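Visitor: Make a model of this:
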Amino acid sequence: MVTGFAAIVGEPLPPCTQAAEDSFNVLPAFLGQKIARPLRDVMVTHSADGNFAIRQGQWKWIEGKPHPDMLAGARKARAVEFHPQLYNLAKDSGEQSDVLAVNPQVAQRLETLLYQFRNDGWSRPQ
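Guide: Next up, the predicted model:
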């Protein structure tokens, strides 16, 4: 998002090692411009309890680990959610059918990418 604001004022972003580590230029979407492909290839998200997920194309992999500071009662109440999961959103936008068991290579690729972003400290191109 920061990149979109930088584009509006015509300013370059600093290197992703210094700032705007997850920013992509979404100005074309705000302007309603037709685009040939998605503005970003991968999106990392996390729930309020710190459970991370990564989306790439039709796939969404959920790490299944709550934040260590999550209250014990909340952790217990939602324990069934805390395991790795994989969804094919093109076929299952409601995330009702976990397909991790039949697509372990997809899950492994997304897990590796999430860990790479964590280790690097950014997800945008340099």
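Visitor: Pull up the pairing partners for the helix or strand hosting Tyr87, direction included.
Guide: Using DSSP states H and E, Tyr87 sits in strand 85-88. Sheet pairing for strand 85-88, assigned by DSSP bridges, gives strand 59-62 (antiparallel).
Visitor: Tell me the helix or strand right after the strand it pairs with.
Guide: Assigned by DSSP H and E, the successor of strand 59-62 is helix 72-77.
Visitor: Other residues contacting that following helix?
Guide: 49, 66, 82 (C-beta atoms under 8 Å, 6 or more residues apart in numbering). (C-beta placed from N, C-alpha, C; glycine too.)
Visitor: Okay, domains of the chain per the record?
Guide: Domain assignment for the chain by automatic domain parsing gives 1-39, 41-126.
Visitor: pLDDT score assigned to the closest residue to Glu95 other than its chain neighbours?
Guide: Distances taken as C-beta to C-beta, 6 or more residues apart in numbering place Tyr87 nearest to Glu95, at 4.6 Å, with adjacent residues excluded. The predicted local distance difference test score for Tyr87 is 98.
Visitor: Check Gln108 too.
Guide: In this model, Gln108 carries a pLDDT of 98.
Visitor: and if you look at Arg78?
Guide: 82.
Visitor: Could you report the neighbour count for it?
Guide: 14 (other C-beta atoms under 10 Å).
Visitor: show me what contacts it?
Guide: By C-beta under 8 Å, 6+ apart, the contact set of Arg78 is 49, 66.
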